[in-house]
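> The sequence isn't on hand, but the structure is:
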(Lines give C-alpha, C1' and ligand atoms only; values in the text may rest on other atoms or scores of the structure.)
Protein backbone atom coordinates (compact mmCIF):
# COMPACT_ATOMS: atom_id res chain seq x y z
CA UNK A 1 0.00 0.00 0.00
CA UNK A 2 2.82 2.43 0.87
CA UNK A 3 4.55 1.64 -2.44
CA UNK A 4 1.44 2.73 -4.35
CA UNK A 5 1.25 6.00 -2.46
CA UNK A 6 4.93 6.74 -3.17
CA UNK A 7 4.47 5.93 -6.87
CA UNK A 8 1.40 8.15 -7.14
CA UNK A 9 3.22 11.01 -5.38
CA UNK A 10 6.21 10.67 -7.71
CA UNK A 11 3.87 10.67 -10.72
CA UNK A 12 2.11 13.82 -9.48
CA UNK A 13 5.46 15.56 -8.85
CA UNK A 14 6.55 14.63 -12.36
CA UNK A 15 3.37 16.02 -13.94
CA UNK A 16 3.59 19.25 -11.89
CA UNK A 17 7.27 19.68 -12.94
CA UNK A 18 6.41 19.26 -16.62
CA UNK A 19 3.55 21.78 -16.40
CA UNK A 20 5.76 24.27 -14.51
CA UNK A 21 8.46 23.90 -17.17
CA UNK A 22 6.00 24.68 -19.98
CA UNK A 23 4.67 27.69 -18.11
CA UNK A 24 8.15 29.12 -17.50
CA UNK A 25 9.09 28.58 -21.14
CA UNK A 26 5.94 30.23 -22.46
CA UNK A 27 6.39 33.16 -20.05
CA UNK A 28 9.95 33.73 -21.30
CA UNK A 29 8.84 33.72 -24.95
CA UNK A 30 5.62 35.72 -24.32
CA UNK A 31 5.62 39.25 -25.81
CA UNK A 32 5.88 42.04 -23.21
CA UNK A 33 3.07 44.21 -24.61
CA UNK A 34 0.12 43.81 -26.96
CA UNK A 35 1.53 46.10 -29.67
CA UNK A 36 4.56 43.90 -29.99
CA UNK A 37 2.51 40.72 -30.30
CA UNK A 38 0.12 42.04 -32.99
CA UNK A 39 2.68 43.74 -35.23
CA UNK A 40 4.07 41.64 -38.10
CA UNK A 41 7.85 41.29 -38.25
CA UNK A 42 9.34 42.94 -41.32
CA UNK A 43 12.10 41.24 -43.31
CA UNK A 44 14.58 44.01 -42.42
CA UNK A 45 13.92 43.50 -38.69
CA UNK A 46 14.75 39.81 -38.61
CA UNK A 47 17.94 39.19 -36.72
CA UNK A 48 20.65 37.12 -38.26
CA UNK A 49 21.89 34.73 -35.59
CA UNK A 50 24.14 32.81 -37.96
CA UNK A 51 27.83 33.52 -37.53
CA UNK A 52 30.13 32.05 -40.15
CA UNK A 53 33.13 30.64 -38.30
CA UNK A 54 34.52 28.56 -41.11
CA UNK A 55 36.69 30.31 -43.67
CA UNK A 56 38.76 28.95 -46.50
CA UNK A 57 41.02 32.00 -46.39
CA UNK A 58 44.50 31.39 -44.96
CA UNK A 59 45.47 33.76 -42.15
CA UNK A 60 48.73 34.15 -40.24
CA UNK A 61 49.05 32.13 -37.05
CA UNK A 62 50.54 33.73 -33.90
CA UNK A 63 53.20 30.97 -33.97
CA UNK A 64 54.19 31.58 -37.59
CA UNK A 65 57.66 32.41 -38.84
CA UNK A 66 58.77 34.75 -41.59
CA UNK A 67 61.68 33.80 -43.87
CA UNK A 68 63.26 36.85 -45.53
CA UNK A 69 65.57 36.17 -48.48
CA UNK A 70 67.46 39.06 -50.07
CA UNK A 71 69.56 38.73 -53.26
CA UNK A 72 72.36 41.29 -53.65
CA UNK A 73 73.35 42.13 -57.23
CA UNK A 74 76.80 43.70 -56.63
CA UNK A 75 78.27 40.88 -54.58
CA UNK A 76 76.02 38.03 -55.76
CA UNK A 77 75.24 36.91 -52.21
CA UNK A 78 71.90 35.74 -50.91
CA UNK A 79 71.08 36.37 -47.25
CA UNK A 80 68.20 34.54 -45.58
CA UNK A 81 66.91 35.23 -42.10
CA UNK A 82 64.15 33.53 -40.12
CA UNK A 83 62.19 35.50 -37.54
CA UNK A 84 59.06 35.27 -35.46
CA UNK A 85 56.04 36.79 -37.16
CA UNK A 86 55.42 40.44 -36.15
CA UNK A 87 52.36 40.92 -33.95
CA UNK A 88 50.90 43.39 -36.44
CA UNK A 89 50.29 40.72 -39.09
CA UNK A 90 48.83 37.94 -36.91
CA UNK A 91 45.39 36.90 -38.24
CA UNK A 92 45.87 38.82 -41.50
CA UNK A 93 45.34 37.30 -44.94
CA UNK A 94 47.86 37.27 -47.79
CA UNK A 95 46.80 40.60 -49.31
CA UNK A 96 47.10 42.42 -45.96
CA UNK A 97 50.51 40.82 -45.33
CA UNK A 98 51.62 42.03 -48.79
CA UNK A 99 50.61 45.57 -47.78
CA UNK A 100 52.70 45.25 -44.60
CA UNK A 101 55.75 43.94 -46.54
CA UNK A 102 55.22 46.26 -49.51
CA UNK A 103 58.83 46.10 -50.76
CA UNK A 104 58.95 42.28 -50.64
CA UNK A 105 57.52 39.51 -52.86
CA UNK A 106 55.52 36.75 -51.22
CA UNK A 107 56.93 33.45 -52.52
CA UNK A 108 54.99 31.13 -50.20
CA UNK A 109 52.13 31.90 -47.85
CA UNK A 110 50.98 29.46 -45.21
CA UNK A 111 49.43 30.03 -41.80
CA UNK A 112 52.66 28.85 -40.12
CA UNK A 113 55.33 30.13 -42.51
CA UNK A 114 55.64 33.07 -44.89
CA UNK A 115 58.53 33.16 -47.37
CA UNK A 116 59.43 36.60 -48.73
CA UNK A 117 62.14 37.66 -51.16
CA UNK A 118 63.49 40.76 -52.85
CA UNK A 119 66.41 41.90 -55.00
CA UNK A 120 68.86 44.54 -53.87
CA UNK A 121 71.16 46.35 -56.30
CA UNK A 122 73.86 46.88 -53.63
CA UNK A 123 76.07 44.58 -51.60
CA UNK A 124 75.20 42.68 -48.45
CA UNK A 125 76.39 43.84 -45.03
CA UNK A 126 78.58 40.74 -44.55
CA UNK A 127 81.76 42.10 -46.18
CA UNK A 128 84.28 42.78 -43.41
CA UNK A 129 87.84 43.99 -43.11
CA UNK A 130 89.98 43.37 -40.04
CA UNK A 131 92.76 45.76 -39.08
CA UNK A 132 94.87 46.73 -36.09
CA UNK A 133 93.53 49.65 -34.10
CA UNK A 134 94.70 50.85 -30.68
CA UNK A 135 96.46 47.53 -30.06
CA UNK A 136 93.39 45.40 -30.84
CA UNK A 137 91.78 43.87 -33.92
CA UNK A 138 89.10 46.19 -35.29
CA UNK A 139 86.15 45.21 -37.49
CA UNK A 140 84.73 47.36 -40.30
CA UNK A 141 82.07 46.50 -42.87
CA UNK A 142 81.72 47.61 -46.48
CA UNK A 143 78.79 49.80 -47.54
CA UNK A 144 77.15 50.04 -51.01
CA UNK A 145 79.73 52.48 -52.37
CA UNK A 146 82.71 50.42 -51.21
CA UNK A 147 83.64 52.41 -48.11
CA UNK A 148 84.43 50.59 -44.89
CA UNK A 149 82.41 51.63 -41.86
CA UNK A 150 83.95 51.02 -38.41
CA UNK A 151 81.89 48.50 -36.41
CA UNK A 152 84.01 48.12 -33.30
CA UNK A 153 87.04 46.69 -31.55
CA UNK A 154 87.41 43.07 -30.53
CA UNK A 155 88.90 41.93 -27.21
CA UNK A 156 91.82 40.38 -29.10
CA UNK A 157 95.15 42.18 -28.52
CA UNK A 158 97.60 42.18 -31.45
CA UNK A 159 100.81 42.32 -29.37
CA UNK A 160 101.12 38.53 -29.16
CA UNK A 161 100.29 37.76 -32.81
CA UNK A 162 102.94 36.40 -35.17
CA UNK A 163 104.65 38.82 -37.58
CA UNK A 164 102.78 37.35 -40.58
CA UNK A 165 99.37 38.01 -38.97
CA UNK A 166 100.45 41.54 -38.03
CA UNK A 167 101.52 42.21 -41.63
CA UNK A 168 98.14 40.92 -42.91
CA UNK A 169 96.27 43.12 -40.42
CA UNK A 170 98.35 46.09 -41.57
CA UNK A 171 97.11 45.53 -45.16
CA UNK A 172 93.63 44.60 -43.98
CA UNK A 173 92.17 41.10 -43.94
CA UNK A 174 88.95 40.89 -45.97
CA UNK A 175 86.37 38.33 -44.87
CA UNK A 176 82.93 37.60 -46.30
CA UNK A 177 80.16 36.22 -44.09
CA UNK A 178 79.46 36.34 -40.37
CA UNK A 179 80.26 32.69 -39.87
CA UNK A 180 83.63 33.11 -41.59
CA UNK A 181 84.32 36.16 -39.46
CA UNK A 182 83.49 34.31 -36.25
CA UNK A 183 85.65 31.32 -37.21
CA UNK A 184 88.55 33.58 -38.16
CA UNK A 185 88.39 35.48 -34.86
CA UNK A 186 88.18 32.23 -32.88
CA UNK A 187 91.59 31.27 -34.30
CA UNK A 188 93.14 34.36 -32.68
CA UNK A 189 91.63 33.79 -29.24
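Great, that's in hand. Being a predicted model, the structure only gives us computed values, none of them experimental.
> which residues of the chain fall in strands?
Assigned by DSSP state E, the strands in the chain fall at 65-72, 78-84, 105-109, 113-120, 127-133, 136-142, 148-157, 173-176.
> Just give me the longest helix of this structure.
helix 2-29 (DSSP state H).
> and residue 94, how far is that from residue 177?
Distance, residue 94 to residue 177, using Cβ to Cβ, to the nearest Å: 33 Å. Backbone N, C-alpha and C define where each C-beta goes, glycine included.
> hang on, I meant residue 95
Computed with Cβ to Cβ, the distance linking residue 95 and residue 177 is 36 Å.
> any low-confidence regions in the chain?
Scanning the chain for pLDDT under 70 picks out 27, 29-55.
> dump the residue contacts of the nearest residue to residue 72 once chain neighbours are set aside.
Sequence neighbours aside, residue 124 is the residue nearest to residue 72 in space, at 4.6 Å (criterion: Cβ to Cβ, 6 or more residues apart in numbering). Contacts for residue 124 were tallied using Cβ atoms under 8 Å, 6 or more residues apart in numbering; they are 70, 72, 75, 77, 79.
> Among the residues you listed, which one has the most neighbours?
Highest neighbour count within the contacts of residue 124: residue 72, with 19 neighbours (other Cβ atoms under 10 Å).
> and the gap between that one and residue 127?
Separation of residue 72 from residue 127 (Cβ to Cβ) stands at 10 Å.
> Where do the domain boundaries of this structure fall?
Following automatic domain parsing, one gets these domains for the chain: 65-120, 127-188.
> Tell me how many other residues crowd the residue lying closest to residue 173 once chain neighbours are set aside.
Using Cβ to Cβ, 6+ apart and skipping residues adjacent in sequence, the residue nearest residue 173 is residue 130, 4.4 Å away. Residues near residue 130, counting by other Cβ under 10 Å, number 22.
> List the residues that contact residue 130.
Residue 130 sits next to 137, 138, 139, 169, 172, 173, 175, 184 when contact means Cβ under 8 Å, 6+ apart.
> Write the ChimeraX selection for whichever of these are buried.
Restricted to buried positions by 16 or more other Cβ atoms under 10 Å, the ChimeraX selection for the contacts of residue 130 reads:
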select :137,138,139,169,175
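> which of the contacts of residue 130 lies closest to residue 26?
For the contacts of residue 130, the minimum distance to residue 26 (Cβ to Cβ) is 83.2 Å, reached by residue 139.
> And for that closest one, nearest residue in space, chain neighbours not counted?
Leaving out its chain neighbours, the residue that sits closest to residue 139 by Cβ to Cβ, 6+ apart is residue 151, at 4.6 Å.
> which residues sit in contact with that neighbour?
The contact partners of residue 151, by Cβ under 8 Å, 6+ apart, come to 128, 138, 139, 140, 141.
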